[in-house]
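Peer 1: this one's structure only:
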């Protein structure tokens, strides 16, 4: 039979210097004169040598023909085909926010072309295709000549190498505190790249509620990998010591103060928190959580705070009228009724010498007298009221009894005559 050198593929030849060794038991499907032969190649040859022989044997025959062995042993010319290494990525590429082009080892532009993706920006795996320009004289190192698809890679940037902006001290809020640091890095030797949260990284937090040192962990995402951590401080929240809000004035009923800056979730109050009488009282405020809170002066100990019920000003009470008084020759001291509706309900009648005292002026002789009520106890201030002193009516003296001439001097006796109140003249 006849056989062409093209029947022996490059995969059948092992180059050893300038010689070629043909692998044995290479099946070739070739039908000559109706037979299908199995060819076995043995021996070695140099380029162009035709001394190698092909031993042939019938594999099967067409229907109706018997198996037979060819009568002749053909020879084959061996061509020395050059092996070409398949290119692979040379070195490594790491994401740097700009487009990067892969560098290849074993790439020879005189023997092959490259197509597909050869440059990219984002981290990931890409594919390039290498095609032999001459498949007659060149083959790939695996013995094939078909185009090769080769993967190359841009690695993710490890976020542990980025710069993390500092976080200022935070103040306890009772809830998780989640500040976001700025992550940046000069990746490509020029401008600084600021990483984008939730695109380039995610943030997680630990110990970020109570006072102490909290930790932020940034985990790479997208073009970034790895983790980087930073810490920040959570300081105690400052609370203003409560103080009485508004004023209270005595009103005969029990009263409790209102407090500014009082928060029942953060502090307790004890001591005197309600009272009836005018005066100054003390309440004590205690922080519930001294780990996370402090008073505005930096301390955490309980605070004693004064509060007050003011005295009622007696000038505002109602004073009952005083009827006209009649001159008696002595000081006249009538007591007016002092009263007031103090708490929006029943009228309260003040008690003399408990709630007030009385003093008098111009209260002896006929004229206008003044009463001054001065607050006492739960009352303060003064209240004046006047009353009139009118002249006392005196009967006109008249002769008491009768006198009869007796030839002596006689002195009349008077009824209704009071020498302390009147004088008598004439005869």
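Peer 2: Yes, it's here. Remember, it's a predicted structure, so these values are computed and weren't measured experimentally.

Peer 1: For the spatially most central residue of the chain, give me the pLDDT.
Peer 2: Residue closest to the average C-alpha location in the chain (C-alpha atoms, centre = their mean): residue 177, at 3.9 Å. Looking at residue 177, its pLDDT reads 98.

Peer 1: Just confirm it contacts residue 209, I think it does.
Peer 2: Yes. Counting by C-beta atoms under 8 Å, residue 177 touches residue 209, with 7.0 Å between them. Where C-beta positions appear, they are placed from N, C-alpha and C, glycine not excepted.

Peer 1: Could you name every residue contacting both of these two?
Peer 2: Counting by C-beta atoms under 8 Å, 6 or more residues apart in numbering, the residues touching both residue 177 and residue 209 are residue 234.

Peer 1: what's near enough to touch residue 103?
Peer 2: Neighbours of residue 103 in contact, by C-beta under 8 Å, 6+ apart: 89, 90, 91.

Peer 1: Give me the pLDDT for residue 44.
Peer 2: pLDDT at residue 44 comes out at 43.

Peer 1: And residue 304, how close does it get to residue 271?
Peer 2: The gap separating residue 304 from residue 271 is 7 Å, by C-beta to C-beta, to the nearest Å.

Peer 1: Show me the common contact partners of the two, please.
Peer 2: With C-beta under 8 Å, 6+ apart, residue 304 and residue 271 have common neighbours 282, 283, 284.

Peer 1: Output the below-cut-off pLDDT ranges for the stretch 51-200 of the chain.
Peer 2: In the predicted model of the stretch 51-200 of the chain, residues 51-81 satisfy pLDDT under 70.

Peer 1: Buried residues, stretch 303-319. List them.
Peer 2: Within stretch 303-319, the residues scored as buried using 16 or more other C-beta atoms under 10 Å are 303, 305, 307, 309, 311, 312, 314, 317, 319.

Peer 1: Ignore what I typed, I meant stretch 266-282.
Peer 2: 267, 275, 278, 281.

Peer 1: What mean pLDDT does it get?
Peer 2: Averaging pLDDT along stretch 266-282 yields 98.

Peer 1: all helices for the protein, in order.
Peer 2: For the chain, no helices are identified by DSSP state H.

Peer 1: give the contact list for residue 366.
Peer 2: Residues near residue 366 by C-beta under 8 Å, 6+ apart: 327, 389, 390, 391.

Peer 1: which residue sits closest to residue 105, ignoring its sequence neighbours?
Peer 2: Of all residues not flanking residue 105 in the chain, residue 90 sits nearest, at 4.1 Å (C-beta to C-beta, 6 or more residues apart in numbering).

Peer 1: and that neighbour, how many neighbours does it have?
Peer 2: Using other C-beta atoms under 10 Å, residue 90 has 13 other residues around it.

Peer 1: Equivalent analysis for residue 219, please.
Peer 2: Applying other C-beta under 10 Å, we find 15 residues neighbouring residue 219.

Peer 1: which residues touch it?
Peer 2: With contact taken as C-beta under 8 Å, 6+ apart, residue 219 is in contact with 159, 201, 202, 203, 204, 226, 227.

Peer 1: closest to residue 168 among these?
Peer 2: Set against residue 168, the nearest of these by C-beta to C-beta is residue 203 (16.5 Å).

Peer 1: how close does the closest one sit to residue 222?
Peer 2: Using C-beta to C-beta, we find residue 203 at a distance of 14 Å from residue 222.

Peer 1: do the same with residue 233
Peer 2: 31 Å.

Peer 1: okay, the two: which has more neighbours?
Peer 2: Ranked by neighbour count (other C-beta under 10 Å), residue 233 and residue 222 place residue 222 first, with 17 against 13.

Peer 1: what sits against the more buried one?
Peer 2: Contact analysis of residue 222 by C-beta under 8 Å, 6+ apart lists 122, 123, 156, 199, 200.

Peer 1: Pull out the buried members of these.
Peer 2: Buried by 16+ other C-beta under 10 Å: 123, 156, 200, out of the contacts of residue 222.

Peer 1: what is the nearest residue to the last one once chain neighbours are set aside paired to in the beta sheet?
Peer 2: Here the nearest residue to residue 200 in space, its sequence neighbours aside, is residue 224; by C-beta to C-beta, 6+ apart that works out to 5.1 Å. With beta bridges defined as DSSP bridges, residue 224 has these partners: residue 157.

Peer 1: switch to numbering from 271
Peer 2: Yes, from this point I'll number from 271; that puts the last item at residue 494.
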